[in-house]
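Q: quick one: sequence and predicted model below, then my questions.
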Amino acid sequence: YSYKLITTLIRPFIAFYVLIRIYKGKEDRLRVTERYGISDIDRKDGKVIWFHAASIGESLSILPLLKKLNSDKSIDQIILTTGTLTSANILKDKLSKKIIHQFIPFDVPSYIHKFLNHWNPSLAVFVESEIWPNFLTELKKRNVCSLIVNGRMTIKSFKRWSMLSRSSKNLFSNITACCTQNSDSAFFYEKLGIKNTINTGNLKFAYKPDEIISDELKKLRSLTKKRKIFLAASTHPGEEEIIKNITLNLKKTVKDLLTIIVPRHVTRKSFFSSSKGLGLSIRSKKEKINDRTYLYLADTIGELNIFYSLANIVFIGGSLVPHGGQNPIEAAYLGKKIYHGKNIQNFIDVYDVLNQLKFTQQVENERQLEHYVKEALANPKSINKDVNINRLKKEGDDTVSKVLQVIYQYLQYCMGTSNRGTKNEKRK
């Protein structure tokens, strides 16, 4: 009740907050009404499934699910909401006409009512750790089943929710079922009040990398064909400096070295204290790689798979600094062995599986990473010899099958306990 009251009281200030976000380039001014629950796209008659994913990673992880559901003629429309402009831009070329992208409305009662009155979903599916109290409460009131897929909860989050024991039970009991990434998360969600939990595995293993932009790859291959390429992907503040120092040391002994850095957040103003002696070229400035380029900053969005394809050796960031790691699955699907630091708690289950499949090597510090890179580049053809992506694909396919089974189970149940499905019902 307190949360609902607070979100109602802040409603008058939301327009000002939205204006600030528009000014900062974080909202699409042409679609801002969607944040208030208003859409100019019609709901189709029949079954409509609503998926909500926070941002890029969560959205991409459910694309294999959406592809399967898209081919099912009994499902008439699929709504996918996200909360970021970046995710909307990346998704626009990946969705069929049947799948409609919308920005998630703010979790304010009046906006929620407009959204749910318009779309009247047959089933609501939240991805990973997205918990929206007002939405979940209203869905329960409307007898709409709500699921969590790829659910993930850390011990830290569980302890935090447990401190609000009664409120947490009331909130999580609104969720019909939960498909989790691991058994620990299934246990935590059950303890918090979700009666039906099942460990289905991690959907991120099912995501297949985009088809590589061949023209760009060809251009870069022609510029780098004689180079030994060390890629540092999804780096965070502090890691670029580490990679720069490693490059300065390695260029003394590794002939034809080229280090490519793809930062996680490309809009940062500064990446290095100095790039002296490295012939730095910056992709966003259209600076080309030449014989004197030892360090290439690829500060663009949506091209990471190109650089994975080019690389001889791959380090994935967010792991040598206390961030918690970044998703290594795309690199694994492209057949690359992955080097990473010890701070991988956000993807610990993913790394455990990849380690069992001999995809990964942990390093403790800058010195160890430099040693492994130097050792690997001495014989580049042997780096990825133990990598087997077929086992990885099976892991992903099995997870999709399990999650789909749960979705269909509750879609059938939900449709059987309500009369929703037509435009007229939607307007009631």
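A: Good, I have the coordinates.

Q: what segments of this protein are strands?
A: 47-52, 75-82, 99-103, 123-127, 146-151, 177-180, 197-199, 228-235, 257-263, 281-282, 295-297, 313-316, 338-340, 360-362 (DSSP state E).

Q: need the contact partners of the last one.
A: I take that to be strand 360-362. Pro328, Lys337, Ile338, Tyr339, His340, Gly341, Lys342, Ile344, Tyr351, Leu354, Tyr372 (Cβ atoms under 8 Å, 6 or more residues apart in numbering). Just so you know, the C-beta spots here come from the backbone N, C-alpha and C atoms, and that holds for glycine as well.

Q: any chance of a markdown table for the residues you listed, columns neighbour count, distance to Thr293 and pLDDT?
A: Formatted as a markdown table, the contacts of strand 360-362 follow (neighbours: other Cβ atoms under 10 Å; distance: Cβ to Cβ, whole Å; pLDDT from 0 to 100):
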| residue | neighbour count | distance to Thr293 | pLDDT |
| --- | --- | --- | --- |
| Pro328 | 25 | 26 | 94 |
| Lys337 | 22 | 25 | 92 |
| Ile338 | 24 | 24 | 96 |
| Tyr339 | 23 | 22 | 98 |
| His340 | 25 | 25 | 98 |
| Gly341 | 24 | 26 | 98 |
| Lys342 | 13 | 31 | 97 |
| Ile344 | 22 | 30 | 97 |
| Tyr351 | 21 | 32 | 95 |
| Leu354 | 23 | 31 | 93 |
| Tyr372 | 17 | 23 | 95 |
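
Q: neighbours of Pro263, how many?
A: 21 (other Cβ atoms under 10 Å).

Q: about what we covered before: quick check: of the contacts of strand 360-362, which lies closest to Ser281?
A: The closest of the contacts of strand 360-362 to Ser281 turns out to be Tyr339 (Cβ to Cβ; 23.4 Å).

Q: residue contacts, that closest one?
A: Ile313, Val314, Phe315, Ile316, Thr360, Gln361, Gln362, Val363, Leu369, Tyr372, Val373.

Q: same check on Asn249?
A: Glu370.

Q: number of nearby residues for Thr253?
A: Applying other Cβ under 10 Å, we find 10 residues neighbouring Thr253.

Q: measure stretch 129-136 end to end?
A: 13 Å (Cα to Cα, to the nearest Å).

Q: which non-adjacent residue is nearest Ile22?
A: Arg29 (5.2 Å; Cβ to Cβ, 6 or more residues apart in numbering).

Q: could you check how far Ser183 is from Thr176?
A: Separation of Ser183 from Thr176 (Cβ to Cβ, to the nearest Å): 20 Å.

Q: more neighbours: which of the two?
A: Thr176 (21 against 12).

Q: was I right to think the more buried one contacts Leu147?
A: Yes. With contact defined as Cβ atoms under 8 Å, Thr176 reaches Leu147; the gap is 6.0 Å.

Q: need the residues touching each of those two.
A: Joint contacts of Thr176 and Leu147 (Cβ under 8 Å, 6+ apart) are Tyr410.

Q: returning to what we had before: pull out the buried members of the contacts of Tyr339.
A: Buried members of the contacts of Tyr339, scored by 16 or more other Cβ atoms under 10 Å, are Ile313, Val314, Phe315, Ile316, Thr360, Gln361, Val363, Leu369, Tyr372, Val373.

Q: save those residues as JSON lines, and put in distance to Tyr23 too.
A: Shown next, in JSON lines, are the buried ones among the contacts of Tyr339 (distance: Cβ to Cβ, whole Å):
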{"residue": "Ile313", "distance to Tyr23": "41"}
{"residue": "Val314", "distance to Tyr23": "37"}
{"residue": "Phe315", "distance to Tyr23": "36"}
{"residue": "Ile316", "distance to Tyr23": "33"}
{"residue": "Thr360", "distance to Tyr23": "42"}
{"residue": "Gln361", "distance to Tyr23": "44"}
{"residue": "Val363", "distance to Tyr23": "41"}
{"residue": "Leu369", "distance to Tyr23": "40"}
{"residue": "Tyr372", "distance to Tyr23": "45"}
{"residue": "Val373", "distance to Tyr23": "42"}
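
Q: what comes up buried for stretch 188-204?
A: Neighbour count says stretch 188-204 has 188-189, 191-194, 197-204 buried, by 16+ other Cβ under 10 Å.

Q: wait, stretch 392-405
A: Leu392, Glu395, Gly396, Thr399, Val400, Val403, Leu404.

Q: now stretch 227-246
A: Going by 16+ other Cβ under 10 Å, stretch 227-246 has these buried residues: 227-236, 239-240, 242-244, 246.
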